[in-house]
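In: Quick one: sequence and predicted model below, then my questions.
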Amino acid sequence: MDAILGDCSLDTLRRRTSYKWRMYPPDVLPAFVAEMDFDAAGEIKDAVRAALDAGDTGYPHKGEMGEAFAEFAAERLGGWSPDPDLVFAIPDVMTGIAEVLQSITEPGAAIVINPPVYAPFFFRIELAGRRIAEAPLAAAADGGYDLDLDTLDHALAQPGVGAYLLCNPHNPLGRVWSREQLIGVAETCARRGVPILVDEIHAPLVLPGSRHVPFHTLDHPAARQAVVFTSASKGWNIPGLKCGIAVAADSIGAAILARRWEALLAAHLGVRATIAALRSARSWLDAVVAQIAANTRLLTGLLAEQLPGARYREPQASFLAWIDCRALDLGDDPAAAFLARGKVALSPGPDFGSQGRGFARLNIGTSPELIAEAVRRMASATR
């Protein structure tokens with residue numbers, strides 16, 4: 001691995017006190033929550049230390065975050081040029097989504113999502129007093145999934161639908177939707193008069209050979225009214241610093257975010273870290289993307305050797321592997337078997353919707369050695 005990512009030794013990692021390293025006893029290898037094991041970027045450490053040294057630990061001000069994100073988006077996110085004044089600091093993506101949903105929909109409204117999908121989509125929407133309307137992704141013969149616009153249209157046509165929440169790049173699949181697919185989404189939602197919110201948190205981690213299309217770059221009226229959410233938390237592994245980004249496309253979206261500012265206070269140190277990440281820690285991000293790309297290929301080989309019954313389609317983005325374990329005879333929740341018998345913790349597939357039965361999500365944002373150990377433990381659970 002690149003030296004700036006650290007060595008990811010277990011002795012070092014087990015000194016951490018985050019949720020990932022305290023959820024299970026020390027004999028369990030944690031590979032579940034979307035938190036990478038790499039050392040933090042030096043530029044981010046310097047920014048946080050400088051703030052602490054200056055006693056700069058008060059309430060947040062976004063400062064130059066809008067300009068920093070616009071610069072990064074123009075260079076790294078498909079030439080997207082958001083207006084810095086329409087970029088807002090929020091505590092995290094899901095809180096931003098929940099607050100906007102509560103502003104633009106009525107209590108009890110249905111929110112359309114595409115399972116299998118990020119588990120908090122389910123419970124955060126319900127906590128916001130809204131209900132779920134599913135438009136499941138279409139399963140493909142090769143083990144992958146695709147957007148199904150007919151299924152989406154049917155879901156949007158149901159009574160009481162208030163909004164559509166799209167995940168791109170998709171978690172847990174790692175799919176990057178094409179421009180043509182996104183135009184289809186925009187046209188379908190426009191025809192039904194349903195507003196769109198887009199979670200693009202994994203966009204900085206698109207892998208070589210794929211291209212992320214920011215929703216706001218679409219030449220479509222629905223895209224020009226959407227609110228997009230992202231963060232440095234996944235790309236630079238700083239979720240504990242609590243800062244996300246919401247991007248409005250017009251003054252109406254900006255007013256919604258501005259009105260709910262007190263419920264959307266980010267952490268000030270998170271804002272400082274995000275600016276440092278976007279402007280100064282791009283070489284660290286490049287090293288991470290290169291390592292994840294190598295890790296996806298490594299996992300393909302390890303599964304073929306040790307768990308040939310498992311099916312895995314290499315992702316186009318991010319460090320999450322969605323593994324089809326249905327042929328392993330481990331039941332609806334293979335992660336439970338891997339934990340009980342192999343002492344390795346994966347995310348349970350059913351948490352991502354009923355379509356995730358028989359699947360598990362493995363975090364490969366770590367060293368090749370720990371990926372090999374995780375697969376060894378998974379294989380031991382099947383014997």
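Out: All right, it came through fine.

In: burial of Arg16, as a residue count?
Out: 12 (other C-beta atoms under 10 Å). Just so you know, the C-beta spots here come from the backbone N, C-alpha and C atoms, and that holds for glycine as well.

In: nope, Gln158 is what I was after
Out: When neighbours are counted by other C-beta under 10 Å, Gln158 comes out with 12.

In: Spell out the secondary structure type for the closest residue to it other than its chain neighbours.
Out: Counting by C-beta to C-beta, 6 or more residues apart in numbering, Ala133 is the residue found nearest to Gln158 once chain neighbours are left out, at 5.6 Å. When the structure is reduced to helix, strand and coil (DSSP: H, G, I helix; E, B strand; the rest coil), Ala133 reads as strand.

In: Show me what Ala133 is bridged to.
Out: Taking DSSP bridges as the rule, Ala133 bridges to Val112.

In: Tell me which helix or strand Pro336 sits in.
Out: For the record, residue 336 is Ala, not Pro. Following DSSP states H and E, one finds Ala336 within helix 334-342.

In: so how far is Pro159 from the residue nearest to Gln158?
Out: 10 Å (C-beta to C-beta, to the nearest Å).

In: quick revisit: contacts for the helix holding Ala336, please.
Out: 24, 28, 32, 325, 328, 330-331, 344-349, 358-361, 377-382 (C-beta atoms under 8 Å, 6 or more residues apart in numbering).

In: swap in stretch 103-113?
Out: 101, 121-122, 125, 129-135, 152, 155-156, 158, 160-165, 167, 194-195, 256, 259-260.

In: Check stretch 53-67 too.
Out: 50-51, 82-89, 243, 245, 265-272, 274-275, 278.

In: could you redo the last one with a cut-off of 6 Å?
Out: Residues from elsewhere that reach stretch 53-67, judged by C-beta atoms under 6 Å, 6 or more residues apart in numbering: Pro84, Val87, Ala89, Leu265, Ala266, His268, Val271, Ile275.

In: Helix, strand, or coil at the fifth one?
Out: The reference is to Ala266. Ala266 ends up coil, using three-state DSSP.

In: show me the contacts for it.
Out: By C-beta under 6 Å, 6+ apart, the contact set of Ala266 is Pro60, Ala89, Ile90, Pro91, Cys243.

In: let's see it at 7 Å
Out: Residues near Ala266 by C-beta atoms under 7 Å, 6 or more residues apart in numbering: Pro60, Ala89, Ile90, Pro91, Lys242, Cys243, Gly244.

In: Tell me the spacing between the last one and Val288.
Out: Spelled out, that is Gly244. Gly244 is 19 Å from Val288, by C-beta to C-beta.

In: My guess is Thr300 contacts Ala310. True?
Out: No: Thr300 lies out of contact with Ala310 (C-beta atoms under 7 Å); the separation is 10.4 Å.

In: more neighbours, those two?
Out: Using other C-beta under 10 Å as the criterion, Thr300 and Ala310 rank with Ala310 on top: 27 against 14.

In: Next up, the contacts around the more buried one.
Out: With C-beta under 7 Å, 6+ apart, Ala310 has these contacts: Leu303, Ile323, Asp324, Cys325, Leu328.

In: If we use 8 Å, what do you get?
Out: Leu303, Ile323, Asp324, Cys325, Ala327, Leu328.

In: What backbone torsions are found at the third one?
Out: Backbone geometry at Asp324, expressed as degrees, to the nearest 10, gives phi -90, psi 110.

In: Skip the chain neighbours and tell me the closest residue to it.
Out: Nearest residue to Asp324, sequence neighbours excluded (C-beta to C-beta, 6+ apart): Arg311, at 3.9 Å.

In: Could you list every helix and strand that the next helix or strand after the helix holding Ala336 packs against?
Out: For helix 334-342, the succeeding helix or strand toward the C-terminus, using DSSP H and E, is strand 344-345. If you count contacts as 3 or more C-beta pairs under 8 Å, 6 or more residues apart in numbering; DSSP states H and E, strand 344-345 packs onto strand 29-30, helix 334-342, helix 368-380.
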